[in-house]
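S.K.: Give me the fold of what follows.
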Amino acid sequence: MATNHSNYSAFYCKFNEDFKYILLPVSYALVFVIGLALNATALFVIVFRTKRWKPSTIYMFNLTMCDTLYIFTLPFLVYYYADENDWPFTEPLCKLIRFLFYANLYGSILFLCCISLHRFIGICYPVRSMSWVSARRARLVSVAVWAIVFCCQAPILYFSRIRARDTGRVCYDTTSPELFDDFLVYSSIISVLMFALPFMVVMVCNGLMVRKLLEPGWGSDGGPDSERGGLSANRSKQKSVKMIIIVLGTFMLCFLPFHLTRSLYYSFRYLSCTLLEASSVAYKVTRPLASANSCLDPILYFLAGQDARSTLTKKTKAPSSRATSVSRRLTTKL
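M.R.: Residues are numbered from 1 along each chain as shown. Presented below is the predicted three-dimensional model:
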């Protein structure tokens, strides 16, 4: 057990990680096959079967593109880990693969955050949101998200690199040993800004949406067709709750475990090899879970694309015909 400036380092701790040479290739291959089929179907429906793009459609299209770009990198990772960490390709390709992983990870988080905010505004503030929600603004927000992701993940192109070892050339998923301290600072900042804060926003928005949807009489305007409208609103309510569950489930299953175990893995590099080995196993198990968000995101789109969406934002207990009319018009934007 060697030390580096009186601190333990993962680069000098030796432990068995042979399990990842089965776990990662198999899981990445499954994500590639399932994710490619689902995202290709979603893209086909959005591009060729959607006549009018609403804000939610724009966000889902960008989310699907984000997933598709990452999915095309998975065959390289399957080959790499199946060959037991022997990178046969160039260093620029190594950098690109690692960059696209993190771009997909944080791009998905931000676009899911946008979707949650969009639906929160439509459900909780249906009248006011008439002046806030539009396809043009959704496009501008999407461009801003892509710009933020590319700018914040650009340092990955610097940190990621390959190094020759006795067993072959390693394509680091973090960085080389001499740059790890700098990488840890960068990674910690990114985790707070692009995961912790969006996660809090998503939790608050979905919590408030659930409370609003559970209010008695939500979606009922009290008009002559209130019975039929009530049934439709009830279907929309059920679907909205399902979508909230999928969004929160994606964060809890894919993003939260990955960030928690990765933080422990990075921190334990400076404590002991025993703790590091345990955190390494947990971290490598959650990496496929983070990739699995590429399979869950299209399910969110297919659920959102039903006709029952039309009654999603009806005004709760509308006090006037104006509020009811505005709420009905708003449904054409969601």
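
S.K.: For the stretch 101-250 of the chain, give me the ranges with low pLDDT.
M.R.: Applying pLDDT under 70 to the stretch 101-250 of the chain picks out residues 129, 217-233, 235-236.

S.K.: mind listing the strands for it?
M.R.: Assigned by DSSP state E, counting those that start in this stretch, the stretch 101-250 of the chain shows strands spanning 162-165, 168-171.

S.K.: Can you list the buried residues in the first one?
M.R.: If I follow you right, that is strand 162-165. Neighbour counts over strand 162-165 (16 or more other CB atoms under 10 Å) mark residue 162 as buried. Heads up, the C-betas are built off the backbone N, CA and C, glycines and all.

S.K.: Tell me which of the strands of the stretch 101-250 of the chain sits nearest to residue 181.
M.R.: Across those, residue 181 has its closest neighbour in strand 162-165 (17.0 Å, CB to CB).

S.K.: Which residues outside that closest one are in contact with it?
M.R.: Residues external to strand 162-165 that are found in contact with it (CB atoms under 8 Å, 6 or more residues apart in numbering): 87, 91, 94, 169-172, 176.

S.K.: With respect to residue 151, which of the residues you listed is nearest?
M.R.: For the contacts of strand 162-165, the minimum distance to residue 151 (CB to CB) is 20.9 Å, reached by residue 94.

S.K.: Show me what the lengthiest helix in the chain is packed up against.
M.R.: For the chain, the helix that runs over the most residues, judged by DSSP state H, is helix 91-124. Using 3 or more CB pairs under 8 Å, 6 or more residues apart in numbering; DSSP states H and E as the contact criterion, the elements in contact with helix 91-124 are helix 55-71, helix 74-82, helix 135-153, helix 155-159, strand 168-171, helix 197-213, helix 226-250, helix 293-304.

S.K.: Of the ones you listed, which stretch is the most buried?
M.R.: Across the helices and strands packed on helix 91-124, the average number of neighbours (mean count of other CB atoms under 10 Å) peaks for helix 55-71, which reaches a mean of 23.

S.K.: What is that helix packed up against?
M.R.: Using 3+ CB pairs under 8 Å, 6+ apart: helix 55-71 touches helix 20-49, helix 91-124, helix 135-153, helix 293-304.

S.K.: from the middle of its chain, how far away would it be?
M.R.: Relative to the chain's own centre, helix 55-71 is displaced by 10 Å; criterion: CA atoms, centre = their mean, to the nearest Å.

S.K.: same question, stretch 245-252
M.R.: Counting by CA atoms, centre = their mean, stretch 245-252 is centred 9 Å from the centre of its parent chain.

S.K.: Just the CA trace of it, in CSV.
M.R.: What follows is stretch 245-252, C-alpha atoms only, in CSV (Å, rounded to 0.1, in the frame of the first residue of the first chain):
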residue,chain,number,x,y,z
ILE,A,245,-43.2,9.4,-10.9
ILE,A,246,-41.1,8.7,-14.0
VAL,A,247,-39.2,12.0,-13.6
LEU,A,248,-38.5,11.5,-9.9
GLY,A,249,-37.8,7.8,-10.5
THR,A,250,-35.2,8.7,-13.1
PHE,A,251,-33.4,11.0,-10.7
MET,A,252,-33.6,8.6,-7.8
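
S.K.: In the longest helix of the chain, which of the residues would be classed as buried?
M.R.: Per 16+ other CB under 10 Å, helix 91-124 contains these buried residues: 94-124.

S.K.: now stretch 37-55
M.R.: When burial is assessed from 16+ other CB under 10 Å, stretch 37-55 yields the following buried residues: 38-39, 42-43, 45-46, 54-55.

S.K.: Mind putting these into JSON lines with pLDDT?
M.R.: As requested, the buried residues of stretch 37-55 are arranged in JSON lines below (pLDDT from 0 to 100):
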{"residue": "38", "pLDDT": "94"}
{"residue": "39", "pLDDT": "95"}
{"residue": "42", "pLDDT": "91"}
{"residue": "43", "pLDDT": "92"}
{"residue": "45", "pLDDT": "90"}
{"residue": "46", "pLDDT": "89"}
{"residue": "54", "pLDDT": "89"}
{"residue": "55", "pLDDT": "89"}
